[in-house]
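Visitor: Let's see this in three dimensions:
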Amino acid sequence: YFILAGKYFPESDNVKILVRNDLKKSKLKKLFFEKYNGSKYINALKPDVFISLQNIATRGINATCQIVYLHQPIPFQKQKKFSYRKRSERKLAFYQRQVGNVIKNSISKIKPNVIVQTEWMKRALTEQTTLPQNKVAVIHPRVNVEKNIKIIKNKSDSFFYPASNFLYKNHRVIDQAISYLENDGIENFNVTFTLNPTQLPYRRKQIKYIGHVSRKEVMKMYENKVLLFPSYIESFGLPLIEAAVHADVILAADTEFAHELLANYNNVYYYKYDDSKELSHLMKKVINGEISSDGKALTLEDNGETLYDSIMEIVNDK
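Guide: Here you go, the predicted model:
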């Protein structure tokens, strides 16, 4: 049984969808469902295994095995404490504190099996809850890597950032870095964002908005563009891996997840996530040819597994 907001795929004899669109519309109603009345609804189905993809361990479930797929890093990261005083940060502050406390309390009390994507998430989870380490499985998502990847040296005047427009994706630091470069008389370069112009307030001749593009197009861009990755909150950070398997030059915010994913990669250069001047210096070195790829791509010794495989391993253990 899938509890979803709509019938997103065909049902069959042994696959059924229970539509609860009301839980999608209201975050408070969704939290109430997870904490209070959801167990009655779920227990009526008499599940052997209950899996939550909502980061929260649902209270009162009678299943033999309960699994939580924890993929929300905002309450666990320590890079940024969001403020209720700043309008742009209020929703994130609410999620970091109120929703974060619900997530941590539910996991501490129920002690389900938890799947996380990175070692840093496991450390943060076991430090901030009472969940034993042996209840946490670190399994990163499978990265779909083409067999015949072209290794092409990056153009020195072309940068790329594939990301949504959440505040912590940190497009602002790129805009400020461009300003520093302009002040130094460096203008002959471009930065591509996978967003529409209406989604960000930044208007510079170097910034190119291309909107949402297919994954195939994104993978093509890694071949001849330098990846900028100023995001400071990620549970995994997929573009870092995608760029590294192309032997791409990467300018990344100095974060735990970036260091973990790129531990064995030579072509990454770090800067403090909110230091636009430091980023501009790195961009200047790329433009001047002082930074270039050595042509050695990241080798994925462990390419993760599907969530289904992860769940079945836990269930079979039980």
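Visitor: Low-confidence ranges, this structure, go.
Guide: 145-155, 302, 318 (pLDDT under 70).
Visitor: Do you have the strands of it handy? List them.
Guide: Applying DSSP state E to the chain gives strands spanning 2-4, 17-19, 49-52, 65-69, 113-116, 136-138, 158-161, 190-193, 207-209, 226-229, 250-253, 268-271.
Visitor: what lines up beside the second one in the sheet?
Guide: Spelled out, that is strand 17-19. Partners of strand 17-19 in the sheet, by DSSP bridges, are strand 2-4 (parallel).
Visitor: got the buried residues for the strand it pairs with?
Guide: Neighbour-count burial for strand 2-4 flags I3 (criterion: 16 or more other Cβ atoms under 10 Å). (Each C-beta comes from the backbone N, C-alpha and C, glycine too.)
Visitor: I'd like the distance from it to the chain centre, please.
Guide: Here strand 2-4 shows a centroid-to-chain-centroid distance of 23 Å under the convention Cα atoms, centre = their mean, to the nearest Å.
Visitor: Next: stretch 36-49.
Guide: With Cα atoms, centre = their mean, you get 30 Å for stretch 36-49.
Visitor: now Q54: how far from T129?
Guide: Per Cβ to Cβ, to the nearest Å, Q54 is found 16 Å from T129.
Visitor: that older thread, need the strands of the chain in JSON lines (columns: distance to K91).
Guide: Listed next are the strands of the chain as JSON lines, based on distance: least, Cβ to Cβ, whole Å:
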{"stretch": "strand 2-4", "distance to K91": "24"}
{"stretch": "strand 17-19", "distance to K91": "26"}
{"stretch": "strand 49-52", "distance to K91": "22"}
{"stretch": "strand 65-69", "distance to K91": "22"}
{"stretch": "strand 113-116", "distance to K91": "23"}
{"stretch": "strand 136-138", "distance to K91": "28"}
{"stretch": "strand 158-161", "distance to K91": "22"}
{"stretch": "strand 190-193", "distance to K91": "22"}
{"stretch": "strand 207-209", "distance to K91": "24"}
{"stretch": "strand 226-229", "distance to K91": "23"}
{"stretch": "strand 250-253", "distance to K91": "21"}
{"stretch": "strand 268-271", "distance to K91": "27"}
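Visitor: out of those, deepest packed?
Guide: Of the strands of the chain, the one with the most neighbours on average (mean count of other Cβ atoms under 10 Å) is strand 226-229, at a mean of 27.
Visitor: contacting residues around that one?
Guide: Contact with strand 226-229 is made by 154-156, 158-161, 174, 191, 237, 239-240, 243, 248-253, 258, 279, 283, 286, as judged by Cβ atoms under 8 Å, 6 or more residues apart in numbering.
Visitor: let's see it at 6 Å
Guide: 154, 159-161, 174, 240, 243, 248-252, 286 (Cβ atoms under 6 Å, 6 or more residues apart in numbering).
Visitor: Parallel or antiparallel, list what pairs with that strand.
Guide: With DSSP bridges as the test, strand 226-229 pairs up with strand 158-161 (parallel), strand 250-253 (parallel).
Visitor: Just give me how far the first one sits from the chain centre.
Guide: If I follow you right, that is strand 158-161. Relative to the chain's own centre, strand 158-161 is displaced by 19 Å; criterion: Cα atoms, centre = their mean.
Visitor: contacting residues for the residue nearest to the spatial centre of the chain?
Guide: A centroid search over the chain (Cα atoms, centre = their mean) returns E234, at 3.9 Å, as the residue closest to the centre. If you count contacts by Cβ under 6 Å, 6+ apart, E234 has them with F257.
Visitor: How about the backbone phi and psi for it?
Guide: Note on E234: its backbone torsions stand at phi -150, psi 140 [degrees, to the nearest 10].
Visitor: what separates it from E313, distance-wise?
Guide: Distance, E234 to E313, by Cβ to Cβ: 24 Å.
Visitor: Spit out the contact partners of H281.
Guide: No contacts exist for H281 under Cβ under 6 Å, 6+ apart.
Visitor: Could you report the neighbour count for the closest residue to V143 other than its chain neighbours?
Guide: Distance criterion Cβ to Cβ, 6 or more residues apart in numbering; nearest residue to V143, sequence neighbours excluded, is I241 at 5.3 Å. By other Cβ atoms under 10 Å, the residues close to I241 number 21.
Visitor: same deal with I61?
Guide: 19.
Visitor: gap between it and D275?
Guide: Between I61 and D275 the distance is 46 Å, computed by Cβ to Cβ.
Visitor: chain center to stretch 115-124, what's the gap?
Guide: How far stretch 115-124 lies from its chain's middle: 12 Å, per Cα atoms, centre = their mean.
Visitor: is it true that L70 touches L53?
Guide: No: L70 is beyond contact range of L53, at 9.6 Å (criterion: Cβ atoms under 6 Å).
Visitor: Have a look at these two and say which one is more surrounded.
Guide: Set L70 next to L53 and count neighbours by other Cβ under 10 Å: L70 wins out with 27 against 14.
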